[in-house]
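[1] Requesting a structural model of the entry that follows:
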Amino acid sequence: MSSLNTIIVHSSIFHADDVFSVALARQINPDIMVVRTVDPEVLKEYVPAVEQGTALMVDVGAAIGQTRFDHHQLDCRRRPLSDGTYHNPETDEDEAIKYCGFGLMWEAFGRTFCPLERAFRKVERDLVIPIDRTDNGQGDNLLSSAIKQFNPTYKEGKAAENDSFWNAEAIAEASLKRYIISANAAAEAEEDIRKSRQLDDGQILVLEEHRPWEAFVAEEMPLVKWCIYPSGRNKGRWNLQKAPLEPGSKIGRCKFPQEWCGNPPTERGMTFCHIGNWLAEIDTLEHAVAIARYCIAEQKKEDAYEFLLNGYHRKQVLTTAGNIHLLVENEEYVWVWADGFPRKSIGWYDNGFNGPFLLEKELREYVWWHYQA
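    Residues are numbered from 1 along each chain as shown. Just a heads-up that it's a prediction; the model follows:
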């Protein structure tokens, strides 16, 4: 890779694909020569260098048989379905995402800059795949749109194209460097997160210092519902943030009562609660833990009620609500497993649904139980 000295990409209108490909090539060799052309005769001149490994032909070359880093051929490579799918409205089918040139380059060279697999995958998930999607007409993303805006308008003319390309490349290069730095830092922080204090059977994670924890917790710590870490704005206070269901998601495994959002219960020590219901600031660690426990208990009751209500109408096996499992058996009884004990609830009153009563009386504590005979 140290012998790489040239990258060839297409000329004319540029996109995030070719611009980021050049940005990645410049991480490999800051002095690499960049050739922008679609002229077949010029492309052919570089084939020997490509075959010797001193040049890359990216997002161009399929027309002359150079397809390793191109994606315009009929048999272009597609990503595994685990990387996501695209619903094709013309065929009404879900399709695998196609690689673009940048995606193929990242696959080939990305681990040089992100040797830890989680870091490599984070850059791929957050930056590369969205560019793959957009360049292949399988989605949109803001960064690709921003790069596209650097193309000169018809009023500016072709003369401005080269300068515009390099202005866009500077943005891409700076962005790529930060994605790599951030992903490597997040991957290196994993051991600190694993060793951090966990409360209530792993449902509450306490970090003594902030670390980039969200993606790791989402993928590797399924029991965590809340993370507590020092506030970055007010010394001595603590942030309480819900654990995301998946990396990058604002949908969490638990939530604050909606009435707290924008109107924090100061009597509990909460000084701020985001209106988006994902983050709060608390005056002390003890109060933060207490609030997390309260929210977990409230979420379990709400989940149990929803499952019970939906199950009554559907009469089917229901999923887990915390450590409560519900299975509607008939219109008179509900089988419930709480804390590992199978019990039969007579929470149906006169064969009528009494769900709200069970919720108000705290399902786990006040519903009338009969042990299984």
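[2] show me what contacts residue 38?
    Residues near residue 38 by Cβ atoms under 8 Å, 6 or more residues apart in numbering: 10-12, 60. For glycine as for every other residue, the C-beta is placed from the backbone atoms N, C-alpha and C.
[3] Highest neighbour count among those residues?
    The most neighbours of any of those, using other Cβ atoms under 10 Å, belong to residue 60, which has 23 neighbours.
[4] Kindly indicate which of the contacts of residue 38 lies nearest residue 4.
    Nearest to residue 4 among the contacts of residue 38, counting by Cβ to Cβ, is residue 60 at 16.7 Å.
[5] Can you tell me the SS state at that closest one?
    What DSSP: H, G, I helix; E, B strand; the rest coil gives for residue 60 is coil.
[6] Can you check the pLDDT for it?
    Looking at residue 60, its pLDDT is 94.
[7] Can you name the residues that contact the closest residue to it other than its chain neighbours?
    Ranked by Cβ to Cβ, 6 or more residues apart in numbering and with sequence neighbours excluded, the top spatial neighbour of residue 60 is residue 10, at 4.3 Å. Residues in contact with residue 10, defined by Cβ under 8 Å, 6+ apart, are 18, 36-38, 59-60.
[8] cool, residue 50 as well?
    56-57, 61, 66.
[9] Adding secondary structure and distance to residue 178, write these out as JSON lines.
    Compiled in JSON lines, those are given as follows (DSSP: H, G, I helix; E, B strand; the rest coil; distance: Cβ to Cβ, whole Å):
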{"residue": "56", "secondary structure": "strand", "distance to residue 178": "23"}
{"residue": "57", "secondary structure": "strand", "distance to residue 178": "27"}
{"residue": "61", "secondary structure": "coil", "distance to residue 178": "30"}
{"residue": "66", "secondary structure": "coil", "distance to residue 178": "31"}
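[10] May I ask which helix or strand encompasses residue 218?
    Taking DSSP states H and E as the definition, one finds residue 218 inside helix 214-220.
[11] Pull out the buried positions in that helix.
    214-218 (16 or more other Cβ atoms under 10 Å).
[12] JSON lines for those, including pLDDT?
    Formatted as JSON lines, the buried residues of helix 214-220 follow (pLDDT from 0 to 100):
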{"residue": "214", "pLDDT": "93"}
{"residue": "215", "pLDDT": "89"}
{"residue": "216", "pLDDT": "93"}
{"residue": "217", "pLDDT": "95"}
{"residue": "218", "pLDDT": "93"}
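[13] In this structure residue 55 contacts residue 4, no?
    Yes - using Cβ atoms under 8 Å, residue 55 is in contact with residue 4, at 7.3 Å.
[14] circling back to that earlier point, tell me the one among the buried residues of helix 214-220 nearest to residue 228.
    Nearest to residue 228, judged by Cβ to Cβ, of the buried residues of helix 214-220 is residue 217 at 12.2 Å.
[15] And that closest one, how close does it get to residue 68?
    Distance, residue 217 to residue 68, by Cβ to Cβ, to the nearest Å: 37 Å.
[16] just residue 129 next, same as before
    Going from residue 129 to residue 68 by Cβ to Cβ gives 19 Å.
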